[in-house]
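Asks: sharing a model that was predicted from the sequence below.
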Amino acid sequence: MALLDLANPTRFMSLTDRLLPWLWGAALLVLGTGLYLGLFVAPADYQQGETVKIMFIHVPAAWLAMFGYGMMAVSALGTLIWRHPLADVAAKATAPVGAAFTLMALLTGSLWGKPMWGTWWEWDARMTSVLILFLMYLGLIALWNAIEDPIKGGRVGAVLILVGSINLPIIKFSVDWWNTLHQPASVFRMGGSTIDASMLYPLLISAVGATLLFLALSVMAMRNEILRRRIRALRLVAAATPAGAQA
């Protein structure tokens, strides 16, 4: 029943009005704890030194870059298959948040790569596929802004989202399929993590906190999109109403 209730924009607004303060509080608390432990408590790496601490921002940002597009892909299915009233709202609201985290992943990766690899940028498979992900986010945002009708824009965007989702496994497995500068998976892998616990736990806490922040920003963006569509609907009604009837 709760999922059906969320399909109603009015009920969604009411529920998230109560949920958002708690979500923001949890996001700031968990993320702040993770970053404090990572930046000030976790030891420096014996090879990378203090530079390794960029990991506590870069890794969560990279994870959420993919997570955001995955959420959009699920929303696209909701738009095209289940006709969920809020599916295209969720996709459109998630795109700017996902783009921001993807840009953060690219910038922090560049900062980390310079002292480790001796270059700000290398056209290897992982870096290039993440850049493509960022451009896909920007392209979808431009598409939605170019199409005035949100329903039509939602359907066109949903098709493009699903086509672009093929990039997600490419990003994930690029380090296994090709010879890249990036190291293979070190957190979630068969045989356990290769990261020492003193760094692993702050990293996981930071990732959880960043995920909560991502969700809080996305919910706020969804609320703004619902209000924007309501204002548009009222303007269309007002424009279609004869001047005499309005008086």
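Replies: Received it, and whenever you're ready, just let me know what you need. Here the structure is a predicted model, which is why all the values come from computation and not from measurement.
Asks: what is the neighbour count of the residue nearest to Ile205 when sequence neighbours are not counted?
Replies: Taking CB to CB, 6 or more residues apart in numbering, and ignoring the residues beside it in sequence, Ile205 has Gly34 as its nearest neighbour in space, at 3.5 Å. Bear in mind the C-beta positions are built from the backbone N, C-alpha and C, glycine included. Number of residues near Gly34 (other CB atoms under 10 Å) recorded here: 22.
Asks: just confirm Gly34 is within a helix.
Replies: Yes. According to DSSP: H, G, I helix; E, B strand; the rest coil, the state of Gly34 is that of a helix.
Asks: how long is stretch 161-169 end to end?
Replies: Chord length of stretch 161-169, first to last residue, is 14 Å (CA to CA, to the nearest Å).
Asks: how about it: buried residues?
Replies: 161, 164-165, 167-168 (16 or more other CB atoms under 10 Å).
Asks: put together CSV for those residues, with secondary structure on each row.
Replies: Converted to CSV, the buried residues of stretch 161-169 look like this (three-state DSSP):
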residue, secondary structure
Ile161, helix
Gly164, helix
Ser165, coil
Asn167, helix
Leu168, helix
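Asks: who does the longest helix seen in the chain touch, helix- and strand-wise?
Replies: Using DSSP state H, we find that the single longest helix of the chain is helix 197-240. Helices and strands touching helix 197-240, by 3 or more CB pairs under 8 Å, 6 or more residues apart in numbering; DSSP states H and E, are helix 9-36, helix 55-77, helix 87-117.
Asks: indicate which one of those helices is closest to Phe173.
Replies: helix 55-77 (11.8 Å; CB to CB).
Asks: out of the helices and strands packed on helix 197-240, nearest to Phe214?
Replies: Among the helices and strands packed on helix 197-240, the nearest to Phe214 by CB to CB is helix 55-77 (5.0 Å).
Asks: list the buried residues of that closest one.
Replies: Within helix 55-77, the residues that qualify as buried are 55-69, 71-73, 75-77, counting by 16+ other CB under 10 Å.
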